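Q: Next input, structure requested:
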Amino acid sequence: MRRHLRSDFYLLVLTAAFAWLHGPCPAPAETAEARSTLQAPSNLQCEYQTNPLGLDMAKPRLSWQVNDARRGARQTAYQVLVASTPEMLTNNQGDLWDSGRVASDQSVHVEYAGTPLTSRQRCFWKVRTWDQDGAVSPFSEAAHWEMALLSAEDWKAQWVEPAELEIVNRPIKLSPWYWHPTVQGDNTTVYFRTEITYGDDRPSPHHAIAAITADNHYELYVNGVRVAADGDFPKAEWHYLWGGANLHRGRNVIAVKVQNADGPAGLTMAVRQTFYGGEIIELQPSEWRCSDRPADNWFKPDFQPKDWVAAKAIANRAMRPGARSPKPTTARDVPICSVSNSNCQPT
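A: Below you'll find the predicted structure:
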């Protein structure tokens, strides 16, 4: 028994002597493991874009994402290298800009502060960061951006234009003239409505062109949107239907207000519809209803023309209402959506 106690005593003495010579056993080291989580920055962007082209600002802004998974990790410094060639960047040479170690936690919108950049110049860049313990990350993967033409002198091309800017459409066949069946005096105003319906058996409508004239002034509405107004009776103007005034699948309402100071109020009209896929049809509305009494929202699609009467076709498209001799009123070829045509858009 004494021998065992003596052995335990000697072992205790030896352990104490070892601890006195070498110091206490160190706690598990965090530094090596923690530093291994500080990776190279990622998601490098220049002006919110990855490897953008055609930047027109003299000092592009750079951003990156700190790549450290530790809780509470933060950037305390950074270094940005910008080089004129990928080879120089690979050798850690920032001939355009070497920011050096900048003590800052900024990682978004760091403004380029190197050599002034020129038109079409390509810039290659990378970044590394330091954490709160002073450990530095590896450099990121290389990214790049390219400058645009920065001054007027860099533009060497000349403006070109075709010899003829007008786009001419083929003539369109107009409908007969329509007027109110009983209102025939001078200084009359008549309100007209008709409908065009496209079923699901057709492709979706792409756009339409309305050709219209009236004797002698009209206001044209399509699906409740005022498209145009005109008073040049001998000529049928073309109006491009777009936006809310475009025709669509289902029910479409065309409404026209016609005024005539020296005779009955009448109109003639046609529609050229283009569908997706290229199909084109021409329509001459024939089922007009009309009234000489103004009403609220008479041009709206949901208006109910209960007491309106059917309009009457009183002459072919070459005859003015009430005229004894033919008058030329065919839809003319006018440029569609050209600078010279004020009827390209709703007025």
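Q: Do a quick rundown of the strands in the stretch 51-200 of the chain.
A: For the stretch 51-200 of the chain, the strands defined by DSSP state E, counting those that start in this stretch cover 61-68, 77-83, 97-98, 102-103, 110-111, 122-130, 143-146, 177-179, 188-198.
Q: elements contacting the third one?
A: It refers to strand 97-98. Counting contacts by 3 or more C-beta pairs under 8 Å, 6 or more residues apart in numbering; DSSP states H and E, strand 97-98 packs against strand 77-83. Just so you know, the C-beta spots here come from the backbone N, C-alpha and C atoms, and that holds for glycine as well.
Q: cool, and the first one?
A: Judged by 3+ C-beta pairs under 8 Å, 6+ apart, the packing partners of strand 61-68 are strand 38-46, strand 110-111, strand 122-130.
Q: mind listing what's buried in the last one?
A: In terms of neighbour count (16 or more other C-beta atoms under 10 Å), strand 122-130 has its buried residues at Cys123, Phe124, Trp125, Lys126, Val127, Arg128, Thr129, Trp130.
Q: do stretch 102-110 as well
A: Ser107, Val110.
Q: And it, end to end?
A: Across stretch 102-110, the terminal residues are separated by 11 Å (C-alpha to C-alpha, to the nearest Å).
Q: mean confidence for it?
A: Averaging pLDDT along stretch 102-110 gives 96.
Q: Likewise for stretch 159-171?
A: On average, stretch 159-171 scores 58.
Q: Point out where the stretch 1-150 of the chain drops to low pLDDT.
A: Along the stretch 1-150 of the chain, segments meeting pLDDT under 70 span 1-36.
Q: ok, now with 50
A: 2, 4-5, 24-34 (pLDDT under 50).
Q: And the helices in the protein?
A: Secondary structure of the chain (DSSP state H): helices located at 2-22, 31-36, 86-90.
Q: Geometric centre of this protein: which residue is closest?
A: Gly243 (15.1 Å; C-alpha atoms, centre = their mean).
Q: Is it correct that it is in contact with Val225?
A: Yes. If you go by C-beta atoms under 8 Å, Gly243 and Val225 touch, sitting 7.4 Å apart.
Q: Contact partners for the residue nearest to Gln45 when sequence neighbours are not counted?
A: Ranked by C-beta to C-beta, 6 or more residues apart in numbering and with sequence neighbours excluded, the top spatial neighbour of Gln45 is Ser63, at 4.7 Å. The neighbourhood of Ser63, defined by C-beta atoms under 8 Å, 6 or more residues apart in numbering, consists of Asn43, Leu44, Gln45, Cys46, Tyr48, Ser107, Val108, His109, Val110.
Q: I'd like these laid out as JSON lines, including distance to Thr274.
A: Below are those laid out as JSON lines (distance: C-beta to C-beta, whole Å):
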{"residue": "Asn43", "distance to Thr274": "46"}
{"residue": "Leu44", "distance to Thr274": "47"}
{"residue": "Gln45", "distance to Thr274": "43"}
{"residue": "Cys46", "distance to Thr274": "43"}
{"residue": "Tyr48", "distance to Thr274": "39"}
{"residue": "Ser107", "distance to Thr274": "52"}
{"residue": "Val108", "distance to Thr274": "48"}
{"residue": "His109", "distance to Thr274": "48"}
{"residue": "Val110", "distance to Thr274": "52"}
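Q: Of those, which is the nearest to Glu141?
A: Here the nearest of the contacts of Ser63 to Glu141, counting by C-beta to C-beta, is Leu44; it sits at 7.4 Å.
Q: if I look at that closest one, how far off is Ala143?
A: Taking C-beta to C-beta, to the nearest Å as the measure, Leu44 falls 4 Å from Ala143.
Q: Common neighbours of the two, please.
A: Jointly contacting Leu44 and Ala143 under the rule C-beta under 8 Å, 6+ apart are Thr50, Trp125, Lys126.
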